[in-house]
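Student: For reference, the sequence and a predicted model appear below.
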Amino acid sequence: MSRFVGALDQGTTSTRFIIFDRQGQIVAVAQKEHQQIYPKPGWVEHDPLEIWRNTREVMAEALIKADIRPADLKAVGITNQRETTVLWDRRTGQPLHNALVWQDTRVDQMVAGFTREGGQDRFRAKTGLPLASYFSGLKLRWLLQNVEGAREKAAAGDALFGNIDTWILWNMTGGRNGGLHVTDVTNASRTQLMDLATLDWDKGMLDTFDIPRACLPQIRSSSEVYGQAHGELEGVPVAGILGDQQAALVGQTCFAPGEAKNTYGTGCFLLMNTGEKLVPSTCGLVTTVGYKFGDQPVRYALEGSIAITGALVQWLRDNLGLIHSSGEIESLAASVEDNGDVYFVPAFSGLYAPYWKESARGVVAGLTRFAGRGHLARAALEATAYQTRDVLDAMEKDSGIAIRELRSDGGMVVNELLMQFQADILDVPVVRPKVTETTALGAAYAAGLATGYWQGEDDLKRNWGVDKTWAPAMDEGRRGRLYASWQKAVRRSFDWID
């Protein structure tokens, strides 16, 4: 009898394979970082072959650490950095170009052109998404226009497109020797090419963006047996796919309408389950697919995406040398009593929700001779909390639901100073679960449900438990003053790019 479920978590900066038991506890984990490639300002790329090599290595390493064989895994699920776009040759298995990462802004002129023709929200009713450089469809269009021979191959079905989930699944199930060209509804909903109501590729969007359907993967549910793995996980059913933020929604067991989670990673992503109801946003959020388990009805979500949160800490480390390791940011920020009236708006790739300002760029506001390293560090951490407040306020207006607590996960939730400030600036409790690897856990849950390892949502809810809760402790006057100054700083970042 298979004792465990595996999850492949392919993220923006690293790839992890985590093995979970029936209680949702981690049995073993292996992780490996990959290179961040910056060819030009605003351009961000990954090497898909490096990601696939790392995937194979971490799967093998985790099995060794757990001292188990592939047969001990009931199933494996995949979760991935969304919107990161890969185009590869079906016959050779070679990428036609580096992957264009979700943060990449090279299509901003395309965005501007389509916006001039019909407005930023011209495709919202069908896709749930505003026009932005964030989503995959225009990135694919750029590849087809700029890589020699790509359009001809794509039209013939000899070049295959996918977000990272599709690239991984294709390689994992055989690659050029019969690999499956499949994605799930959550990843498809991030391309701006899928109709949210029909859950299929939309001909009108394909025609508008000039995308040949022959290069697109088949859209399936988030929880079903797609096929069997080859190689390191030989014979293990691949049975779950979820974009990383939807995976965290599942991992946090936010199965009821109105339940919300926030993932603090490279960026920050706040999702609220809206059930079977498609809720259009009028406040700058996106409407997206939350998950679809097998033949059950699709569940939708409202999402607020923030491009730069944890990545700002990495930037302070790698570009400025302000700290030597990311873990040092908390003690440096705690070395000062407050932010010294310094505000850091990290609009490195423009501003995402709820502003959607492609032309914004990063600013540091409020500097005086008094400001020092500690104030800059504190302002960087507080930027994450302020941006989350921006999104949560919009989410409450769109949904008509007051969020009573915020379930948090991701790498930054170990930062006590940030979590307390988050509760303070939101004026709601912030909750950290016992298992914080909720993205990988959500993928494992999807795969386990499809194969009978778990019997239903109630099994998963029993696994969820609170590790720590931060209660708000800031008076309303100070909260209002700080947030007003933040909003002033945000306005200073607008329209930097002409």
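Tutor: Nice, I can see it.

Student: low pLDDT regions in the stretch 1-150 of the chain?
Tutor: Flagging of the stretch 1-150 of the chain using pLDDT under 70 yields the residue ranges 1.

Student: Mind jotting down where the strands sit in it?
Tutor: 4-10, 14-20, 26-33, 45-46, 73-80, 85-89, 99-100 (DSSP state E, counting those that start in this stretch).

Student: helices and strands around the longest helix seen in the chain, which ones?
Tutor: Ranked by residue count under DSSP state H, the longest helix found in the chain is helix 373-399. Judged by 3 or more Cβ pairs under 8 Å, 6 or more residues apart in numbering; DSSP states H and E, helix 373-399 is in contact with strand 260-264, strand 268-275, strand 299-306, helix 310-318, helix 329-333, strand 343-345, helix 416-426, helix 476-493. Yep, even glycine has a C-beta here, placed from its N, CA and C like the rest.

Student: what's the most buried one of the ones you listed?
Tutor: Of all the helices and strands packed on helix 373-399, strand 260-264 has the most neighbours on average by mean count of other Cβ atoms under 10 Å, namely a mean of 28.

Student: Name every strand pairing with that strand and say which way it goes.
Tutor: Here the strand partners of strand 260-264, with direction, are listed using DSSP bridges: strand 268-275 (antiparallel), strand 406-409 (parallel).

Student: where's stretch 430-447 relative to the chain centroid, distance-wise?
Tutor: The gap between where stretch 430-447 is centred and where its chain is centred comes out at 14 Å by Cα atoms, centre = their mean, to the nearest Å.

Student: same question, stretch 17-36
Tutor: Its chain's C-alpha centre lies 17 Å from the corresponding centre of stretch 17-36 when counted by Cα atoms, centre = their mean.

Student: what do you get for stretch 47-55?
Tutor: With Cα atoms, centre = their mean as the basis, stretch 47-55 stands 18 Å off its chain's centre.

Student: got a list of contacts for it?
Tutor: The set of residues external to stretch 47-55 that reach it, using Cβ atoms under 8 Å, 6 or more residues apart in numbering, is 8, 10, 14-15, 17, 32, 34-35, 37, 86, 88, 94-95, 98-99, 164, 167-168, 171-172.

Student: same thing but at 10 Å, please
Tutor: Where contact means Cβ atoms under 10 Å, 6 or more residues apart in numbering, the residues beyond stretch 47-55 that reach it are 8, 10-11, 14-17, 30-35, 37, 78, 80-81, 84, 86-88, 93-99, 162, 164, 167-168, 170-172, 175, 231-232.

Student: Next, the buried residues of that stretch.
Tutor: Of the residues in stretch 47-55, those scored as buried under the neighbour-count criterion (16 or more other Cβ atoms under 10 Å) are 48-52, 54-55.

Student: Closest one to residue 392 out of those, please.
Tutor: Distance from residue 392 was checked for each of the buried residues of stretch 47-55 by Cβ to Cβ. The minimum falls on residue 51, at 32.3 Å.

Student: Any figure for the gap between the closest one and residue 101?
Tutor: Between residue 51 and residue 101 the distance, using Cβ to Cβ, to the nearest Å, works out to 11 Å.

Student: any shared contact partners between those two?
Tutor: By the contact definition Cβ under 10 Å, 6+ apart, residue 51 and residue 101 are jointly contacted by 81, 84, 164.

Student: For those, which entry has the maximal number of neighbours?
Tutor: Using other Cβ atoms under 10 Å as the neighbour definition, the shared contacts of residue 51 and residue 101 reach their maximum at residue 164, which records 31 neighbours.

Student: Leaving out sequence neighbours, find the closest residue to that residue.
Tutor: Closest residue in space to residue 164, ignoring its immediate chain neighbours: residue 80 at 4.1 Å, by Cβ to Cβ, 6 or more residues apart in numbering.

Student: what ranges do the helices span in the stretch 51-200 of the chain?
Tutor: Using DSSP state H, counting those that start in this stretch, the helices of the stretch 51-200 of the chain run over residues 108-118, 124-127, 136-146, 150-155, 164-172, 185-188.

Student: Among these, show me which one is buried the most.
Tutor: Between these, the one whose residues have the most neighbours on average, counting mean count of other Cβ under 10 Å, is helix 185-188 (a mean of 28).

Student: With only the CA atoms kept, save it in CSV.
Tutor: Listed next in CSV are the C-alpha coordinates belonging to helix 185-188 (Å, rounded to 0.1, in the frame of the first residue of the first chain):
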residue,chain,number,x,y,z
VAL,A,185,-8.1,25.2,-15.4
THR,A,186,-6.3,27.3,-12.9
ASN,A,187,-3.2,27.8,-15.1
ALA,A,188,-5.3,28.2,-18.2
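
Student: pLDDT averaged over it, what's the number?
Tutor: When the per-residue pLDDT values of helix 185-188 are averaged, the result is 97.

Student: Likewise for stretch 163-170?
Tutor: Averaging pLDDT along stretch 163-170 yields 98.

Student: That one: how far from the chain's middle?
Tutor: Centroid separation between stretch 163-170 and its chain, computed with Cα atoms, centre = their mean, is 15 Å.

Student: picking that back up, just the angle for the longest helix of the chain relative to helix 310-318, thanks.
Tutor: Using axes from the mean of the first three to the mean of the last three Cα atoms, to 10 degrees, one finds that helix 373-399 and helix 310-318 are set 170 degrees apart in direction.
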